[in-house]
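Q: Fold the following, please.
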Amino acid sequence: MNTTKHSGINIEAMVADFWATRPRRLRQGRMVAGVAAGIGRRYGIDPVIVRVALVAGTVVGGAGVLLYLLAWLLLAEENDEASGLEAMIGHGSSSMSRGMTIFLAIVCVPAFFTMFDGTYGFVGGVVSAAALLGGLFLLHRHRADQGVAGAPTTMSGGPMTAPSYAPGAAAPADWDPLGAAPLQWDLHDPNEPVTVATVTDEDKTLAVRPRRRRSPVGGVTMGVAVLTAAALLVLKVGLGLTWLTLPHILGIVVGVLAGGLVVGAFLRGGRGLIVPTVLVGLAAVALTNSPTGGSAGLGDLRATPTDDLAPSYARSLGDVRLDLTELKLDKDKPARTTVSVDAGLARVIVPANANVDLTCTSNVGPVHCLTRSADWHDIDLHVTDTVDNPAGTIILDVHSGAGNIEVTRG
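A: Predicted structure coming up:
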C-alpha cells in the first residue's frame, strides 16, 4: 500500500489496494466459511471481534448475513487462485464448486431484502451495512500494513533447497530455508522493549518482557453502557416515554458496546465486551419478539380482583401473579382476561368452582396449565377444564416470552 501522506483519502486507490491484498478465507480456525478468521489474520486482530461485529450487524439490521455471504463469494480460500465467483467467469481456479457458488449467489437475493425487514426497518438495514463497511474501511486504512496480506498460505512448508542466484544478490523471497512461510514464524518483535534481570542461579541472565498494560477500553465502555441504560430508564419512567421500549434501550446499549469493540480492535483491548454484547443483543431480539414487545413496564405485578377484571395484566420484565379466587362470577357472562410477560413468571390461580377455557403459549420456558404441561420452546397449549355446578366461566390467555407459566386451582 502506498504509505505517502496525503491531505485527503484516495478512495479509488484504497479500494484497489484492498482488492489486491484482500483477506483469504482460512481452513484452520474457521466456524463457517473462514471469513472472520481470514479478516482477523489479514489485519492482525482477533477473529472473535469480527464475528461479534457480524452478529451485531445481523441483530440490528440484518446486514451481517448478506455481507458474510458476499465475502464467501468474493474472498478466495487460502491456496486457491481465485474466489468462487471469479472462477465462475474464468479468472483462475477455485476449490469451491460451481453449484455452491450458484447457491450462495441465489441466497444473497433474499438476504438483501430481509436486511430491510428487521426490527428497525429500512433505516436499520442501511445503518448496519454502513457500520460494517465503515469498520472494514477503518481496518484497511489503519492496519493495511499489519497482519498477513492476501497471498496464498503454504501450510505444509516451503521448499528446502536453496536456489541458485548471482553472488551478492538477495535470495528470492519465495525460498524458505526453514520450510515454513516467513509470516508464520513465531518471532518476537525486535523493537519491543525488554528488561534484563540478573539472577544468581547458575549465573544465568534472563530477558524478562514487561507485562503489557491492560487496556481501559473494556471498563470504560461497560461504564458508559450502564450509565446509558440507567439514563434511558430514568427518562422512560420519569417522562412517561411510551415509545422508548426495552428493545430500544437494549439496542442503544448494544451500539455502545459495539463501539467499544471497534475502538478496542485498534487499541488491542475490549475483549471482555464480546459476551455482554452478544447477550444484550439476544435479549433485545427476544424482547422484540415477545408478547408485549417490551412496552409493558418493569417490576412485579400482583392483583386479586373481586368485582372488576382488567382486560390484561402484563409486564415486560418481572412477575405477574393474578389471584382470581375472590372474583365474583356471573353464570351468564364469562370473565375474560389476558396475562403476558416478556421475561419472568406468569402465575394465575383460578377458582375451584369455575369452568376454565385456558390457552397458554410460551417462546422459551416450562409451562404448567391445569391438566397439561410442556417444556422447552414454542409451546402452545389449550385446556378446557370443567367442574360440576360451576359458578361461572373464565376465559384466560396466558403468554410468556422467556420464563415460567403456572396456572393452578385455588
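
Q: how's the chain carved up into domains?
A: Domain assignment for the chain by automatic domain parsing gives 11-143, 217-288, 301-409.

Q: can I get those domains in TSV with distance to residue 149, mean pLDDT and mean neighbour count?
A: No exception for glycine: its C-beta is placed from N, CA and C like everyone else's. Below are the domains of the chain laid out as TSV (distance: least, C-beta to C-beta, whole Å; pLDDT from 0 to 100; neighbours: other C-beta atoms under 10 Å):
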stretch	distance to residue 149	mean pLDDT	mean neighbour count
domain 11-143	4	81	18
domain 217-288	18	80	18
domain 301-409	45	92	17
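
Q: Give me the phi and psi angles of residue 22.
A: Main-chain torsions, residue 22, degrees, to the nearest 10: phi -60, psi 150.

Q: again, but for residue 330
A: According to degrees, to the nearest 10, residue 330 has phi -120, psi 120.

Q: got the contact list for residue 410?
A: The contact partners of residue 410, taken as C-beta atoms under 8 Å, 6 or more residues apart in numbering, are 323, 324, 325, 349, 350, 351, 352.

Q: cutoff 10 Å now
A: Listed by C-beta atoms under 10 Å, 6 or more residues apart in numbering, the contact set of residue 410 reads 323, 324, 325, 326, 348, 349, 350, 351, 352.

Q: ok, those vs residue 27, which is closest?
A: Distance to residue 27, by C-beta to C-beta, is smallest for residue 348 among the contacts of residue 410, at 54.6 Å.

Q: The closest one contacts residue 327, doesn't it?
A: No - counting by C-beta atoms under 10 Å, residue 348 does not reach residue 327; the two are 11.3 Å apart.

Q: shared neighbours of the two, which are they?
A: With C-beta under 10 Å, 6+ apart as the test, residue 348 and residue 327 both reach 337, 394.

Q: Quickly note the distance from residue 65 to residue 59.
A: Taking C-beta to C-beta, to the nearest Å as the measure, residue 65 falls 11 Å from residue 59.

Q: ok, and what's touching stretch 382-394?
A: The contact list for stretch 382-394, computed with C-beta under 10 Å, 6+ apart, reads 309, 324, 327-337, 348, 350-361, 369-372, 396, 407, 409.

Q: can you rerun that using 6 Å?
A: Stretch 382-394 has contacts (C-beta atoms under 6 Å, 6 or more residues apart in numbering) with 329-331, 334-335, 350, 353-359, 369-372.

Q: Run through the strands of the stretch 301-410 of the chain in chain order.
A: Counting by DSSP state E, counting those that start in this stretch, the stretch 301-410 of the chain has strands at residues 301-303, 312-317, 320-323, 335-350, 355-364, 367-369, 372-374, 377-385, 393-409.

Q: My error: substitute the stretch 51-200 of the chain in the last question.
A: Ranges of strands within the stretch 51-200 of the chain are 195-198, based on DSSP E, counting those that start in this stretch.

Q: can you pull out the helices in it?
A: 63-74, 84-88, 98-114, 121-143 (DSSP state H, counting those that start in this stretch).

Q: Of these, give the one that comes closest to residue 250.
A: Of all these, helix 121-143 comes closest under C-beta to C-beta, at 13.8 Å.

Q: just the CA coordinates of that closest one, formatted as PDB?
A: Output of helix 121-143 as PDB, limited to C-alpha atoms (Å, rounded to 0.1, in the frame of the first residue of the first chain):
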ATOM      1  CA  GLY A 121     -36.800  -1.400   9.100                       C
ATOM      2  CA  PHE A 122     -35.000   0.300   6.200                       C
ATOM      3  CA  VAL A 123     -33.000   2.500   8.500                       C
ATOM      4  CA  GLY A 124     -31.700  -0.400  10.500                       C
ATOM      5  CA  GLY A 125     -30.600  -2.200   7.300                       C
ATOM      6  CA  VAL A 126     -28.800   0.900   6.000                       C
ATOM      7  CA  VAL A 127     -27.200   1.700   9.400                       C
ATOM      8  CA  SER A 128     -26.000  -1.900  10.000                       C
ATOM      9  CA  ALA A 129     -24.500  -2.100   6.500                       C
ATOM     10  CA  ALA A 130     -22.800   1.300   6.800                       C
ATOM     11  CA  ALA A 131     -21.400   0.400  10.200                       C
ATOM     12  CA  LEU A 132     -19.900  -2.900   9.000                       C
ATOM     13  CA  LEU A 133     -18.500  -1.500   5.800                       C
ATOM     14  CA  GLY A 134     -17.200   1.500   7.700                       C
ATOM     15  CA  GLY A 135     -15.400  -0.800  10.100                       C
ATOM     16  CA  LEU A 136     -13.800  -2.600   7.300                       C
ATOM     17  CA  PHE A 137     -12.700   0.700   5.700                       C
ATOM     18  CA  LEU A 138     -11.100   1.800   9.000                       C
ATOM     19  CA  LEU A 139      -9.400  -1.500   9.400                       C
ATOM     20  CA  HIS A 140      -7.800  -1.300   6.000                       C
ATOM     21  CA  ARG A 141      -6.900   2.400   6.400                       C
ATOM     22  CA  HIS A 142      -5.100   2.000   9.700                       C
ATOM     23  CA  ARG A 143      -4.000  -1.600   9.600                       C
END
